[in-house]
Every structure is written in C-alpha cells, then in structure tokens.
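Participant: coords please:
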Amino acid sequence: MTGYINHFRPVYETRAWLVWLLAFVLLPVSGMPDWWAFELLILAAAMLRGTQVWKALRFRMAISTKWLSTLPVSRLFALQKKMRAESNSMYLGTGFEWTQKHCQIAHDILRMPTTDIPGLPKWLGKTRHGRQIEEAIEKIFAPADSIRDREPQGVSWIHGMEPDKVTVPFHYKAMGAHTAVGGTTGAGKTRTYEVISTQVIHLGDVLIVIDPKNDKDWKARVERECARAGRKFLYFSQAKPLESIRLNPLENWSQPSEIPGRIAQLMEEGPFRDFAFLFIDRAVKGELYVGDKPNLRSILKYAQAGVAILLERSLTRFFQDAGLTNWEELVATTINQIGGRPGSVTPVDAMALLYNERFARHDHGNEAIDGLIATHTHDRDHYTRVIASVMPLLQMLATGETGLMLAPKVDDFEDEREIWDIDRIIKQKAVLYMGFDSLSNSIVQKAIASMVLADVAAVCGAIYNFYKETPDVVLMIDEVAEAINEQVIQILNKGRGAGFKAFVAFQTRSDLEAKLGNASKMLQVLGNLNNQIILRLEDTDTAKWFSEKVGDTVIRNIQVSGGTSRGSEGHLGEFNGSITRSLQQETAPLIPTALIQRLPNLQYFLRISGGAVYQGRIPILQG
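Facilitator: So this is what the prediction gives:
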C-alpha cells in the first residue's frame, strides 16, 4: 500500500480533533495534579489533528468550487518584471505543475460517481444557518482576487486538486518554437491572447495580430496598452475604413513571381489557377520593367483591359534602351508593308513585329516583353474564360474602399490615413491589430488575411537573409483556419531564425485539415507548434492528439476482493471468510482526454516542448 493516498475517505481526524479540544477545556477543572503539563501535550495533539482537518477541508473546498481570477494590469506588470528577472519567463496565470500525483487523483475521481466526490459536509446545508456558514467557509478558502464561477461549463475539481498554486511560467526561449492555442468557442482563447499580448507590448517586441472575429475587448486592450507603453498602435479593418490604416499586402517580395502567387493561392487548384498565375505574372513583370510598382488595382486594370498599353510602354522603353532611335519610322513602315484595311494593324502590333524581327529572333529580347507579347497575342476567348476565374476576387479586393485600403494612392493627398507595410511596421517596432469581419464578408476577409500573412512570410525571409540584427516579432493568429496558407507554414518552419514567435489558435484539428486539403499538411502545421496551451475542447480527436503529446504515466489502483465459504460437514453457523486487498499498477495517460473536455472556462493545460506540463487558470485583466 506504500505510495497510495486515499484523498476521498471520510475525515476521521475531525472526531479526534473534537475530543482533544474537549479534553483541553475539561482538564483544568478535573483536579488532576500537574494538569498544565498534560495540557501542553493535549494542545499539541489538537493542533496536529486540527491541521489535518484544515488540509482535508481545504482540499474538499478546492475540488468542489470553481473560481475566476481577476488581475489588475499593474499587478500583471509587477509579476512579469519579477518572472523576467528570475526565470526569463512570461506570466500565464496561476496553477501548478501537473505530475503523476495529480493524474492519480484525477483517475480516482473519474472512477467514482459524481455524487460521491467529497465536498463540504452534507449536514451543513441542513442546518438553520447552513448557507451563511458555507459562504463564510468560501471566503476563508477563496483564492486571492477570485470570484465564484457559477457558469455550467467544466468541473471544479481539476484545478482544485492542488491547493498550493504558483505563477505559471512560459519561458521566452520556448516561445521561439511556436505555440498552439486550442479551445472550443467561449473557452477563453481570446482572454489568453489578451494576457500574452499585454506583456508583449510592454516588453517592446513587435506585435502583429490577425483576428478574424475582430474582438472588441481584445482590440481595446491592445490599444490601451500601447498608449500606456508609448507604442505606435495601428488598426486595420475593412469594416471600419475611417478608423483603419492603409496597408499594401504586395509591398514586400524577393521574387516578382511572389505577387501573382499570393493572388493565385486564393483560387481553387486547377488549370484555370495556373493560367491566371501565368497571365498575372507576365503583367507584373511588365510593370516592373517600365518602372511601375504593381498593386491590386493595376493588376485588375490589365486583367480587364488587356496588356496592350503596358506592352506599348515596354517596347518604347526597350527600343530606346537598345539605341533604336528611328523605331517610330520603322513601325510606320511595318504598318504600310502589312497593308490591309485601315486600323487592322495597330501600332502596338507593328511594334511587336519589329521587336520580334530585330531582337527576339536573334535572342536579344527581354523576357518581360516576351511574356507580354504572348499574352497580347493569346486567343482572346480562352484568355477571357481563364481570367474570368480570378476577376471576381480582384474586383472585391481592388475596387471601392477596399481597393483604396489595399492599394493606396500615394498621391491622394485628401486621404489622410497612414500608409504602412509589414516591413516598415517591424522596423519601427509598431503594433498592428488586424480585425476582420468574417461573419458578414468571409470570402474577402479570408483573402485579405491570407495575402497579409504571405507578406509577413516575405518579410520574414528578408530578415533571415539580409538583416544584421534579428528583431523580436510576435505573430498572433486567432482562428488560423480562416487564413492559413503555404506562407504561414513557411513562417512556422523557418520563422524562428528570423526572430518570429507565432501563436496559432484553432478549435479542432479537422478545421486545419479541411482548409489545407489533406492530413499530411495538417500534421506539418501541428508538428511545428512545439508548445501547446489547450483550453476546453469538445472535439475528441484534438483532445486525444494533445493527450498523446503529453505522454503516459503509471497510476496505482486498489483491488478489493472478498468471499465466504462453509464446509460440507461444518455446523450450520460455521463459515470462513476472507478479504483481500492488492495494490496494482497500470499505464495511463498523464492527462486523460476526459479532463481536457471538462475544463472550465479560462482553465488550460500547458505543455512546453520537451519540458514541464502545467494546469492553470487565466486571469481576467482589469484596468
């Protein structure tokens, strides 16, 4: 029986404690000689039993009552400063390190009926002042800065099985391995992000928030903390253009093909997407050749009207650079030589013929112009069908107020909204909060989020390759299935070397699988999220995934068996009886899936990659 403690037996020590108290009162009047010496012994015994009763009551109160923690922001700053100095870690609520002891208690509770989980004595509620006594006991045992949680979600005993709580540390070095934040709707993912983002802002790190729900409380918290810390706060929201900055998601790239890639990735896979990429890529390279900066509005213009004007500008520049000073006369001659009806040969067609005859045929051409000519001479019906697949998306992103926000006009001096891009945000250590209106306009919002994240990935690559000093950038994505793309996967794969620390929130693994198209990519994403903060999950598959991540342990079970027997020749009243108790060991998950599915709001399990496992409670920030 060594090593096993039954936490749910009756508190037998209560009777002994009461007897010792009675003896302590009666002994002075008993007339016993040297009673005072015995009084000291009785007092010591009463204190011992009283301590045991106190611990039992505290344990019962802890496992039978749910609490919500409140924390003033000023107190959070003090805790953060202390933890940063002592262990280079971030504050993540209060809790305890989850060990085999807690797993043992959890399995004991899971085996018993809910009505058998011990709480306060049942007779207490039947007394005249039972309710008042219960409230008084609650106040005695209530954690500091806590209020009673009377919501129906979750069970109380998970967080209460360890009365001695500590501040839960989340080490900064571990954050570089990226973090998954899992939880069902309302479990507390956004409040968890509030606590983390508040500390990030005051640490001075760059913060980029992608919030598909556009949570008002989270946005207000980030804005308020930026004001306190003297940080630049930037807000982007298509639903609130007057409050928003202007942000160009095509500003940063290392290869021109990245620009059409960001647009094409928003389309469904297939030959139309490949052709759309091809035509957009040719237009982008043509713009760069003539010195223009590609944006969503210019790409839409060339997709709608064709590339004839861009081709003419490109050929004009090429002829001038090639020293062909009389190219206009040669073009006029070409038109006359071809003949035909007036207007049947346009100047740009003649310029293309001259280019092919004088330069392209002799391998002295330019690939950007070659691509534009190929698009210009492509079968018009086929081109129209192909480009029609991307036109609705470009129309949504590049026209109206959205177009002015995503493709800002630098020369529009009447528009006083600031123009930013991801590279500038990082260099100036600003804080960007992107709130999307996914409920009312999910298609456009997903497209914008995906393109911005692609821009973040491009800047991440530039930092890795060219920056002398690596900045500290924290990327927080809520509901990642709304915005995940290949670039996000690349950030998770290689972002650590560029100083990126990513926090990715989701509800179920199946959300990621549905968005990415297959289980392999889902596992690739989850495999790069080496830390996990898991709140209550309804999805059994996701809960099982986390439970397997944590691993197994050994628990002990008491097996009780008994029997009676009577010999065939024995007296009627004669019988033999036996009771056998044995302590057995078995392997069990350190955190059973049933616990993950029963967590109350704002409670979580934390697993740090290759390190400790904690059970904790996120506070509600005040102030």
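Participant: Low-confidence ranges, this structure, go.
Facilitator: Applying pLDDT under 70 to the chain flags the ranges 1-9, 113-142, 144, 339-344, 438-440, 558-578, 581-583.
Participant: Now do the domain split for it, please.
Facilitator: Domain segmentation of the chain under automatic domain parsing yields 13-70+94-160, 178-240+419-529, 258-400, 556-588.
Participant: so which of those gets nearest Glu548?
Facilitator: domain 178-240+419-529 (11.5 Å; CB to CB). (Each C-beta comes from the backbone N, C-alpha and C, glycine too.)
Participant: Can you identify each of the helices in the stretch 1-150 of the chain by residue range?
Facilitator: 13-26, 35-64, 73-87, 100-111, 130-141 (DSSP state H, counting those that start in this stretch).
Participant: tell me which residues in the second one are buried?
Facilitator: Residues 42, 45-46, 49-50, 52-53, 56-63 are the ones in helix 35-64 that count as buried (16 or more other CB atoms under 10 Å).
Participant: Can you tell me which of these is nearest Gly551?
Facilitator: Of all the buried residues of helix 35-64, Gly551 sits closest to Ile63, with 24.5 Å by CB to CB.
Participant: And the closest residue to the closest one other than its chain neighbours, how far from Gly623?
Facilitator: The shortest distance from Ile63 to any non-neighbouring residue, by CB to CB, 6 or more residues apart in numbering, is to Trp157 (3.6 Å). Distance of Trp157 to Gly623, computed by CB to CB, to the nearest Å: 31 Å.
Participant: Quick one: residues contacting Asp145.
Facilitator: Under the criterion of CB atoms under 8 Å, 6 or more residues apart in numbering, the neighbours of Asp145 are Ser69, Thr70, Leu71, Pro619.
Participant: before we move on, what about Ala23?
Facilitator: Ile42.
Participant: contacting residues around Lys82?
Facilitator: Counting by CB under 8 Å, 6+ apart, Lys82 has no contacts.
Participant: again, but for the one 10 residues further on
Facilitator: Contact partners of Leu92, counting by CB under 8 Å, 6+ apart, are Val168, Pro169, Phe170, Val195, Ile196, Ile533, Leu606, Tyr614, Gly616, Ile618.
Participant: Quick check: which element contains the fourth one?
Facilitator: In this case it means Val195. Under the criterion of DSSP states H and E, Val195 resides in helix 189-203.
Participant: and that helix, which residues are buried?
Facilitator: For helix 189-203, using 16+ other CB under 10 Å, the buried residues are 189-202.
Participant: hey, where'd the strands end up in the stretch 351-500 of the chain?
Facilitator: All strands of the stretch 351-500 of the chain, identified by DSSP state E, counting those that start in this stretch, fall at 419-420, 431-435, 473-477, 500-506.
Participant: Now render these as CSV, adding distance to Ala220.
Facilitator: Listed next are these as CSV, based on distance: least, CB to CB, whole Å:
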stretch, distance to Ala220
strand 419-420, 21
strand 431-435, 10
strand 473-477, 16
strand 500-506, 19
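Participant: Run a quick check on Cys460 versus Ile491, I expect a contact.
Facilitator: Yes: contact status for Cys460 versus Ile491: in contact at 5.5 Å, counting by CB atoms under 8 Å.
Participant: Overlap of the contact sets of the two?
Facilitator: Common neighbours of Cys460 and Ile491 (CB under 8 Å, 6+ apart) are Phe500.
Participant: Show me what stretch 397-408 is in contact with.
Facilitator: Contact with stretch 397-408 is made by 236, 238, 241, 244, 246-250, 295-300, 396, 412, 415, 417, 419, 444, 447-448, 451, as judged by CB under 8 Å, 6+ apart.
Participant: Using PyMOL, define a selection of the buried residues within those residues.
Facilitator: Buried subset of these, written as a PyMOL selection, criterion 16+ other CB under 10 Å:
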select buried, resi 236+238+241+244+246+247+248+249+250+295+296+297+298+299+300+396+417+419+444+447+448+451
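Participant: picking up where we left off before, CA atoms only for the helix holding Val195 - export them in CSV, please.
Facilitator: This file holds the C-alpha atoms of helix 189-203, laid out as CSV (Å, rounded to 0.1, in the frame of the first residue of the first chain):
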residue,chain,number,x,y,z
LYS,A,189,-8.6,31.7,-26.2
THR,A,190,-9.1,35.4,-26.7
ARG,A,191,-8.7,36.2,-23.0
THR,A,192,-5.5,34.1,-23.1
TYR,A,193,-4.3,36.2,-26.0
GLU,A,194,-5.1,39.4,-24.0
VAL,A,195,-2.8,38.3,-21.2
ILE,A,196,0.1,37.4,-23.6
SER,A,197,-0.3,40.4,-25.9
THR,A,198,-0.3,42.8,-23.0
GLN,A,199,3.0,41.5,-21.8
VAL,A,200,4.5,41.5,-25.3
ILE,A,201,3.6,45.2,-25.8
HIS,A,202,5.3,46.3,-22.6
LEU,A,203,8.4,44.2,-23.4
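Participant: With adjacent residues omitted, what lies nearest to Glu243?
Facilitator: Closest to Glu243 by CB to CB, 6+ apart is Tyr235, at 5.9 Å.
Participant: That neighbour belongs to a strand, doesn't it?
Facilitator: Yes: using DSSP: H, G, I helix; E, B strand; the rest coil, the assignment for Tyr235 is a strand.
Participant: Would you confirm that it contacts Ala430?
Facilitator: No: judged on CB under 8 Å, Tyr235 makes no contact with Ala430 at a distance of 11.0 Å.
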